[in-house]
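> here are the coordinates; sequence isn't available:
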């Protein structure tokens, strides 16, 4: 009897989980992911500004840029795994590409946390990427 109860509960859980999944990505879902990219790029730009002005400790820059990079990589994975149609699919692809660029810029900070010229370059890139993310999000 316990086994039957367990199987019924298991099947119910699978059906409930499956009901929440499926279907193409909605514009609002994509907008939230792209906004997370925008936020990470903006925060990275602030971090890079500290590097460019020699006002931030290298250990902090390394740790924080790593954390931001992990957030960006996670969003990229979510976007890459999502199904999408039409314009959402095009914007999703742009989001994945943008996430890759943001991750690379944050990686440069992580690799050179004390080089002012690298910080200035990363700041310019990350600001540009944050603006691009805002454009993608606003287009949804």
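Nice, I can see it. Every value quoted in this text rests on a predicted model; they were computed, and no experiment measured them. Numbers count the residues shown, from 1 in each chain.
> what are the contacting residues of stretch 77-93?
Identification of contacts with stretch 77-93 by C-beta atoms under 8 Å, 6 or more residues apart in numbering yields 23-27, 29-30, 33-34, 95-96, 99, 136, 139-140. For glycine as for every other residue, the C-beta is placed from the backbone atoms N, C-alpha and C.
> what's the farthest-apart pair in these?
Spatial extent of the contacts of stretch 77-93 (C-beta to C-beta) is set by the pair 23 and 99 at 22.4 Å.
> with neighbour numbers in mind, choose between the two.
residue 99 (28 against 8; other C-beta atoms under 10 Å).
> that one: what secondary structure?
helix (DSSP: H, G, I helix; E, B strand; the rest coil).
> now the helices for the chain?
2-20, 27-52, 58-81, 86-111, 116-139 (DSSP state H).
> by mean pLDDT, show me the worst of those.
The minimum mean pLDDT among the helices of the chain belongs to helix 2-20 (a mean of 44).
> before we move on, the earlier item: just the buried residues out of the contacts of stretch 77-93, in ChimeraX syntax.
Buried members of the contacts of stretch 77-93, defined by 16 or more other C-beta atoms under 10 Å, are picked up in ChimeraX with:
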select :25,27,29,30,33,34,95,96,99,136,140
